[in-house]
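Asker: show me the folded form of this:
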Amino acid sequence: MSKDLQTRSPRGRAALSNMVGRYEPITRHSVDDGWAKDEELPTLRTEVSIEHPRSIITYNRSPDLPFDRSINPYRGCEHGCVYCFARPSHAYLGLSPGLDFETKLVARPDAPDVLRAELAKRTYAVAPIAIGTNTDPYQPIEKEHGIMRACLEVLEDCGHPVAIVTKGALIERDFDILGRMARRGLVRVGISVTTLDPALSRLMEPRAPAPERRLLMIRRMSGAGVPVRIMASPMVPALTDPELEEILKRGKEAGARTASWIMLRLPREVSALWQDWLAAHYPDRAGRIMARLREMHGGKEYDARWAHRMKGEGAYAEMVAARFAMTIKRLGLLKETATAMRTDLFQRPVPESAQLSLF
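Answerer: Sure thing, here's the model as predicted:
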C-alpha cells in the first residue's frame with residue numbers, strides 16, 4: 001500500500017493518489033494536515049494532449065492472448081477503473097499511473113492514416129486486430145475526436161477483421177459500420193461487466209456506464225446483428241466473484257453469444273492503487289480479498305507468467321473456473337475462442353501516392 005494519507009478520491013475519479021511512476025527519480029506523497037477534512041477535493045478536469053505516432057499496430061507474442069496485434073487510439077482512460085491493468089503504461093510517458101491515467105489523456109488523431117499505410121505494406125499479413133485491450137477506444141473523449149470511428153472506416157474499407165473490447169456506450173454510434181462488418185464476418189465485440197451493483201461500479205469505474213447500461217448495449221448490439229461476448233472481468237475474490245453466474249445469465253438474456261472471465265490482476269503500480277482503494281472503501285474485506293489473491297499467485301500479489309496471470313492457480317482459482325464452465329454450459333454460451341472471423345476478404349489499401357499510376 002502506498003504511503004499517501006488521502007482517503008477519498010476527487011469527484012468522479014477512482015484513484016486516491018497521483019503516485020509517481022516507477023521511472024521517476026523523485027517521489028511525492030499527499031499528507032492530511034487535519035484542516036481540510038470537511039472540504040471538497042478540487043475537481044480534476046480531463047486534459048488531452050496530441051501524439052503523432054509513426055506506427056499504430058502493436059504486435060505481441062504472448063501465447064495466452066487470442067490475438068497477436070492491437071491498436072490503441074488513446075493513451076490513458078477517462079473511465080478511471082481503479083483496477084485497470086493498463087495503468088502502469090502511463091509511467092512510460094512520465095505520468096502517474098494514478099490520477100494522471102484518468103485525467104491526462106493522449107489522443108492519436110493520425111492513427112487512421114498511419115493504419116492505412118501499415119495495412120498497405122506488401123509485407124503485411126492479415127490477422128484480426130484487437131482494439132480496447134489496453135485503454136477503452138469508446139471512452140468519453142472519443143465523442144470529440146472520433147479516432148476510433150475513423151479507424152473502423154479504414155478496416156471496413158479493407159475488409160479487415162477486428163475484435164473490440166469496451167465499456168463505452170458510444171459504441172452504439174458506430175452500429176452502422178459494425179453492422180455491415182458483422183454481416184461479412186469481420187467483427188466481434190466484448191462488453192465488460194465487473195459487477196451488477198451500481199454503487200460498487202460507481203466506486204470502481206466512476207466514469208464508465210452503469211452495469212444496466214452495459215447490458216442494454218449488449219441487447220442493442222445483438223439486435224444490430226453484431227456478435228457480442230459478455231466479459232465477467234475482472235472478478236474480484238470476496239467482492240464481485242459471487243456475482244459471476246448472475247452476470248453471465250444477464251449477459252445471455254441480453255443477447256451475448258460467447259463469454260469469458262479474468263481474475264483481478266495487480267501488475268506494478270496497480271497493486272498499491274488498488275490496496276489504497278480497498279482500505280478506503282472496503283476496509284472490512286481488504287485483508288480477505290488480498291489473501292485470496294496471494295493464494296492464487298504463490299504468496300505474491302501478482303504473477304505475470306503466461307497462462308497464469310489471467311486466472312491464477314490453486315483451489316480458489318479452480319473453483320471460479322469450474323463455476324464459469326458449468327454456467328456457460330447451462331446457459332448455452334460459448335467460450336470466447338469458439339468464434340472466428342474471416343480473413344479472406346482483406347484487400348490491401350492502395351497508398352495515396354499510388355493513385356497517380358492510374359494516369
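Asker: hey, let's count contacts and neighbours off CA atoms from now on
Answerer: Noted.
Asker: list the buried ones in the longest helix seen in the chain?
Answerer: Counting residues, the longest helix found in the chain (DSSP state H) is helix 315-331. For helix 315-331, the neighbour count (16 or more other Cα atoms under 10 Å) marks 317, 320-321, 324-325, 327-328 as buried.
Asker: again, but for stretch 223-235
Answerer: For stretch 223-235, by 16+ other Cα under 10 Å, it's 224-235.
Asker: any low-confidence regions in the stretch 1-150 of the chain?
Answerer: 1-9, 20-42 (pLDDT under 70).
Asker: surely Gln347 and Gly159 touch.
Answerer: Yes - counting by Cα atoms under 8 Å, Gly159 is a contact partner of Gln347 at 6.2 Å.
Asker: compare those two and say which one has the larger neighbour count.
Answerer: Counted by other Cα atoms under 10 Å, Gln347 and Gly159 do not tie: Gly159 has more neighbours, with 22 against 15.
Asker: you'd agree the more buried one is up against Arg183?
Answerer: No - assessed by Cα under 8 Å, Gly159 is found out of contact with Arg183, at 11.5 Å.
Asker: how far off helix 315-331 does the top strand by length along the chain point, in degrees?
Answerer: Taking DSSP state E as the criterion, the chain has its longest strand at strand 228-235. Between the axes of strand 228-235 and helix 315-331, defined by axes from the mean of the first three to the mean of the last three Cα atoms, to 10 degrees, the angle is 160 degrees.
Asker: describe which strands strand 228-235 pairs with in its sheet and in which direction.
Answerer: Counting by DSSP bridges, the strands paired with strand 228-235 are strand 187-192 (parallel), strand 258-263 (parallel).
Asker: using PDB, write out every CA atom in the first one.
Answerer: Once side chains and other backbone atoms are set aside, the C-alpha atoms of strand 187-192 remain, and they are given as PDB (Å, rounded to 0.1, in the frame of the first residue of the first chain):
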ATOM      1  CA  VAL A 187     -16.200  -8.100 -36.200                       C
ATOM      2  CA  ARG A 188     -16.900  -9.300 -32.700                       C
ATOM      3  CA  VAL A 189     -17.300  -7.100 -29.600                       C
ATOM      4  CA  GLY A 190     -16.700  -7.800 -25.900                       C
ATOM      5  CA  ILE A 191     -18.600  -5.900 -23.300                       C
ATOM      6  CA  SER A 192     -17.000  -6.000 -19.800                       C
END
